[in-house]
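Chemist: When you get a sec, could you give me coordinates for this:
(2 chains)
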Protein chains: 2
Amino acid sequence: MKAIPLKIVLIGAGNVATHLGLALLAAKHNIVQVYSRQEASSKSLARLLKTKHTTAINELSTDADVYILAVKDDAIKTVVKQLHLKNKILVHTSGSVDMDVLKSSSSNYGVFYPLQTFSKSKKVNFENVPICLEANNIKTFKQLELLAKSISNNIQKVNSQQRTNIHIAAVFACNFSNHMFSIADELLKANKLSLDLIKPLIAETAEKIKNNPPAKMQTGPAIRGDKKTMAKHLKMLENKQYKELYKMLSRSIGGK
Amino acid sequence: MKAIPLKIVLIGAGNVATHLGLALLAAKHNIVQVYSRQEASSKSLARLLKTKHTTAINELSTDADVYILAVKDDAIKTVVKQLHLKNKILVHTSGSVDMDVLKSSSSNYGVFYPLQTFSKSKKVNFENVPICLEANNIKTFKQLELLAKSISNNIQKVNSQQRTNIHIAAVFACNFSNHMFSIADELLKANKLSLDLIKPLIAETAEKIKNNPPAKMQTGPAIRGDKKTMAKHLKMLENKQYKELYKMLSRSIGGK
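Modeler: Sure thing, here's the model as predicted:
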């Protein structure tokens, strides 16, 4: 097993590659290269990580320890076909793609899935980000574990099926709840009100479930069965899609 | 205008009455009485607030400065009919009920709506809770403002229509997002996984929107248009209602 720091190639230059790259750099790893099909992206991430970049996959450095494939789920297969890494460790960072998609590219492969929401403009403290790990053999797993531990205190061993289940849960808890914040923002703006008004409420909603089961923390008209208030809200909601969402979510909360 | 501390009667003994009562007591107000139809509730809240209680509405103290009606929205009208407070200030604490429902009970009335989610087992720091105020005259408003400022730094003047719009936004941002956390919890448990896994993700999701518009913070398969991942998730989701919610919310995020 190679000791830390490791030599790392980043394949991809989106949000995951950026935030992961920054965390790995901060942990003193040697990011030897950034690859992205798009010149502007690979250049800009390479500059941020103070390393080299390429847009030609056949120019990938051959002497790194770990190759991190952080591209869109849909693109993983296409990129994998072009990679021939022999026994170098190859991981993808996806929540939903099976590990075995990588087996044609290397004899040592795995998954390095940081369970977090990454946006360009928001810095992420990796310390508490769960890193879900999977590997096709124990040696590779141990190496990935060493790498993960260098950036996070929260390492989880999960297989591909568990990871997809975690990802689905994450879509509900993160992507869909963010969409709820987004709808709230839109509704407030339409009435010349600011989201600032309900930011303490959003903070408390997230805070509550740290130590309490969310089902027990449910409040609002739907759980109270307050039909009058729900009818009033539905009458005031002009957007048809939001009206339907309101109905469906209220029914779901009410257990119907 | 009466100076702080004020003499206050709490009508209702649920979550709002409890948390508001505790905040008012901490701000040195004189809670002279708690009323609830249910003996156990009125007794237990009165004990918590170190005051008297009654279950008979005709035994309400007549010399308080402010009467706070914190009962279920559906029950407000029924209780109001039984109140004859002359010029004593009467407020309700509801997000969706018009202020004017109170006018038969007093000549000075208003709304004192704490914009927060209250659960029995979770303490609330009122300091940052927005208190939305409305009153039928300036004098009453000023008195309510004085009261609100004694427990919070965030006072908002909003009329009944604005308040309902805020409430609808709050239902999306708080009640519905909590339901998303709840579904995530259920899905994880069904696969013998713990919500703890995604708690850092939930915290970050709420954290992000403090300084960024939620629409710009949207991540996940739906906003990426990643149909393959969405199809995989839908195939794995067994609960029909959650399947429908997943589809509808993904469509809404995708702008369709």
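
Chemist: need the residues of the stretch 1-150 of chain A near chain B, please.
Modeler: A:15, A:72-74, A:95-96, A:115-119, A:121-122, A:124, A:128-130 (C-beta under 8 Å from any C-beta of the partner chain). To be clear about C-beta, it is placed using only N, CA and C from the backbone, and glycine gets the same treatment.

Chemist: Filter those residues down to just the buried residues.
Modeler: The neighbour count (16 or more other C-beta atoms under 10 Å in any protein chain shown) marks A:15, A:72-73, A:95-96, A:115-119, A:122, A:124, A:129-130 as buried among those.

Chemist: follow-up on the earlier one: in strands, which of the residues of the stretch 1-150 of chain A next to chain B appear?
Modeler: The members of the residues of the stretch 1-150 of chain A next to chain B all map outside strands under DSSP state E.

Chemist: Just the residues you listed: which are in helices?
Modeler: Mapping the residues of the stretch 1-150 of chain A next to chain B onto helices (DSSP state H) picks out A:15, A:73, A:74.

Chemist: Now do the strands in chain A.
Modeler: Going by DSSP E, chain A shows strands at A:7-11, A:30-35, A:52-54, A:66-69, A:86-92, A:106-114, A:131-135, A:155-157.

Chemist: Need the ones you listed in a markdown table (columns: mean pLDDT and mean neighbour count).
Modeler: Formatted as a markdown table, the strands of chain A follow (pLDDT from 0 to 100; neighbours: other C-beta atoms under 10 Å in any protein chain shown):
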| stretch | mean pLDDT | mean neighbour count |
| --- | --- | --- |
| strand A:7-11 | 98 | 24 |
| strand A:30-35 | 98 | 22 |
| strand A:52-54 | 97 | 18 |
| strand A:66-69 | 98 | 25 |
| strand A:86-92 | 97 | 21 |
| strand A:106-114 | 97 | 23 |
| strand A:131-135 | 98 | 22 |
| strand A:155-157 | 96 | 16 |
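
Chemist: follow-up on the earlier one: tell me the one among the buried ones among the residues of the stretch 1-150 of chain A next to chain B nearest to residue B:107.
Modeler: Nearest to residue B:107 out of those is residue A:122 (C-beta to C-beta; 51.2 Å).

Chemist: What residues does the closest residue to the closest one other than its chain neighbours make contact with?
Modeler: Among residues not flanking residue A:122 along the chain, residue B:208 sits closest, at 5.2 Å (C-beta to C-beta, 6 or more residues apart in numbering or on different chains). Residues counted as contacts of residue B:208 (C-beta atoms under 8 Å, 6 or more residues apart in numbering or on different chains) are A:117, A:119, A:122, A:178, B:214, B:217.

Chemist: what residues are up against residue A:38?
Modeler: The contact partners of residue A:38, taken as C-beta under 8 Å, 6+ apart, are A:13, A:55.

Chemist: 10 Å instead, please
Modeler: Shown in contact with residue A:38 (C-beta atoms under 10 Å, 6 or more residues apart in numbering or on different chains): A:13, A:14, A:44, A:55.

Chemist: What does the pLDDT read for it?
Modeler: We have a pLDDT of 95 for residue A:38.

Chemist: follow-up on the earlier one: now, which of the ones in helices among the residues of the stretch 1-150 of chain A next to chain B sits nearest residue B:171?
Modeler: The closest of these, once distances to residue B:171 are taken by C-beta to C-beta, is residue A:15, at 30.1 Å.
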